[in-house]
Every structure is written in structure tokens, then in C-alpha cells.
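Student: Need a 3D model of the following:
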Amino acid sequence: MVPVTYETGGWRGWRAAAEAALYGPRGFYLRPEGPAGHFRTSVHASPLFAAAVARLLTRTAQSLGLDEPALIDVGAGRGELLTGVLAALPPGYPVRAYGVERADRPAGLDPRIEWTAEIPTGLGGLLFANEWLDNVPVDVAEADADGEVRRVLVREDGEERLGEKVNGADAAWLARWWPLTGPGTRAEIGAPRDEAWRAAVGALGAGLAVAVDYAHTVGARPPYGTLTGFRDGHEVRPVPDGSCDLTAHVALDACAGPGAELVSQREALRRLGVSGERPPLALASSDPAGYVRALARAGEAAELTARGGLGDFTWLMQRV
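Tutor: Okay, the predicted model is just below:
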């Protein structure tokens, strides 16, 4: 069989194209520099984020009476979040840490972290997926001039054309979660993300599963979709050739199972003690060095919770 590539003139759906571009032999996410070489997440913005996740882990363990809870980081990048959480936990705190990632184990990673390509099953504790679901590849649909919903096909150079009519389970997903309203409107078909999240939650024996991503909900979907690319810290045209990240916001309400809660990162972090409020000015006189440290922490917290920025991430929290 001849490989479907730009050179052979092949067209394919965005899901298959993104899978190859992100995770194939020359995949963007398998590069040595990792995601941190191209964009900044909450993990990289401040150690306050990892400290908040550490508090969430200890609270979850206490609520379940776990002596040695598991911390499962899905889409672990190069282990930055796990490293930060382990540093933020009380000295000697017993924890089983797992980094779930397709890339090879990073050199110099804390030996307490087990590195695996698959989510471990049956464990109790906290499963945390920070900006993972937005990189689960999905197909894109677009309504043509007659209002027919068709699959968008793409070549390796990023050129697109409309393909076959969307039908079956994908059409049912769109009808329920993201109905297209007129010619030219687009949607990302989120069913693979729903399935990926159900599998992640189902792997957890007991505890709390959390997905953090830029998201939207039914009734407020973006009319032309959100698929885009990132390279070297800049948004770029999405081209499925392995040269850039390919990402799209997540329909987290479709992923959510019974009893799940959706809250903004701003609210979630405030519940965990992260606030952007400035320290009292009186502290500057009584403890100048302490005031400077508190002011720096407040600035970092403000970035993590800012409206129009990182604070607009949505946390999907689901107890098991």
C-alpha cells in the first residue's frame, strides 16, 4: 500500500493527519525539546500550580483514607508537573507517581516516577490530565453551500477540501453536541476525546479524575471551530507535517460523565488556596523581604487565574 502523503497527492481526515503529525515517526510530540519548547502552560508559569495539585492529591487521599495514593499525570510532557508536585508535597509523603506519555522517559527524571505509555489501572488517588485532551486528534466537519455536513480533508501541506458526508456515530455526535448552523460553519467532532476520557476515568480504581483544557460548552460553540497550530511560542497555520503542534479546544461538557463538575481554573485554584490578592502593605514595613516574596507569589497567582488568559481554562472534575 502506498503511504498517504502530500507527495502522493493523498487527502485524509484531520484525525488521521494529526495523529501522524503529532505522534508518528517524525511526530511533533516526540521531539527532544518536548511541548515546553514551543508553548507555555500553567505548569511552566508558576510552581504555585504544582503546589495546588499537590494539595488536591493530599485532600483526595485523606477523603479516601489512602496511605499511599497514586498520582497519574496523563500527557506528562517531560515530567514537569510530576516533578513540581513531588517537590511541593510534605517531606517523606508516600506517593506512587506515574507519567503517562508516548515520548521516551526524560533523562534525569526523579526515580520515584514510573514512566509508561499506558494509563495504569485499578489505582486509588488523583488522575490529572493538563492540556491532554486538546491533543487527542479529531476530525473536522464543515457545512457546504447546501448545508450538508461534510468531513474536511487535508493534505500534508495544510491545504483542505470537503470530502464525504458525515454520517453514523459522528453525525449523531454533532447533532447532539455541536450542530452546524449554516454554510461555512465548522466543528471538531469530539467523540474520540469523549472515549479517551471515559477510558482514563475507567482506569482509576477510586479517587478524582481531572482534565484541564481550553474548552467550550453547547450553546456557545465557536462557529468556525478552533483548530490551530503552535510553534516556538507563536500561533501558526495548522499544517499536519510534524512541524507544529496541532490543537483544538475541547467540548468538555460532552466528555463529562454523571456527577462531573465543570469550573474555571480561576475558581478551581482559588478553592486550592491560590489567590492573586496582593499582600497587605503593612507587611512591607514589618517584613520587607517577606513582602517581596508574597508580592511575587501574588503576581504568579494572578497570571494563573487571569480572565482572558490561563484563568479561562476549564477543569472537568469527576469522582470515581
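Student: Nearest the middle, which residue of the protein would you pick?
Tutor: Glu131 (1.5 Å; C-alpha atoms, centre = their mean).
Student: Is it in contact with Val210, as I believe?
Tutor: No. Using C-beta atoms under 8 Å, Glu131 makes no contact with Val210, being 11.9 Å away. No exception for glycine: its C-beta is placed from N, CA and C like everyone else's.
Student: before we move on, back to that, who are the neighbours in contact with the residue nearest to the centre of the chain?
Tutor: 35, 41, 75, 212-213 (C-beta atoms under 8 Å, 6 or more residues apart in numbering).
Student: just checking, next helix/strand downstream of the helix or strand where Asp253 lies?
Tutor: Take DSSP states H and E as the rule and Asp253 turns out to sit in helix 252-255. Counting by DSSP H and E, the next helix or strand C-terminal to helix 252-255 is strand 261-264.
Student: just checking, what packs against the helix or strand following that next one?
Tutor: Once the chain leaves strand 261-264, the next helix or strand it forms, by DSSP H and E, is helix 265-271. Packing contacts for helix 265-271, counted by 3 or more C-beta pairs under 8 Å, 6 or more residues apart in numbering; DSSP states H and E, involve helix 47-64, helix 288-305, strand 314-319.
Student: of those, which approaches Pro238 most closely?
Tutor: strand 314-319 (21.7 Å; C-beta to C-beta).
Student: Show me what the closest one is packed up against.
Tutor: strand 204-213, helix 252-255, strand 261-264, helix 265-271.
Student: Export only the CA atoms of the second one, formatted as PDB.
Tutor: Output of helix 252-255 as PDB, limited to C-alpha atoms (Å, rounded to 0.1, in the frame of the first residue of the first chain):
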ATOM      1  CA  LEU A 252     -15.600  19.100  27.900                       C
ATOM      2  CA  ASP A 253     -19.400  19.000  28.600                       C
ATOM      3  CA  ALA A 254     -19.600  16.100  26.100                       C
ATOM      4  CA  CYS A 255     -16.700  14.400  27.900                       C
END
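Student: Offset the numbering so it begins at 19, please.
Tutor: Right, with 19 as the first residue, what we last looked at is helix 270-273.
Student: Quick check: buried residues in it?
Tutor: 270-273 (16 or more other C-beta atoms under 10 Å).
Student: between the residues you listed, which is closest to Ala209?
Tutor: Looking across these and measuring by C-beta to C-beta, the closest to Ala209 is Ala272, at 8.1 Å.
Student: where do the helices sit along the chain?
Tutor: Applying DSSP state H to the chain gives helices spanning 32-41, 60-63, 65-82, 98-106, 186-195, 209-221, 270-273, 283-289, 300-304, 306-323.
Student: TSV for those, including mean pLDDT?
Tutor: Shown next, in TSV, are those (pLDDT from 0 to 100):
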stretch	mean pLDDT
helix 32-41	97
helix 60-63	80
helix 65-82	96
helix 98-106	97
helix 186-195	98
helix 209-221	98
helix 270-273	98
helix 283-289	94
helix 300-304	63
helix 306-323	67
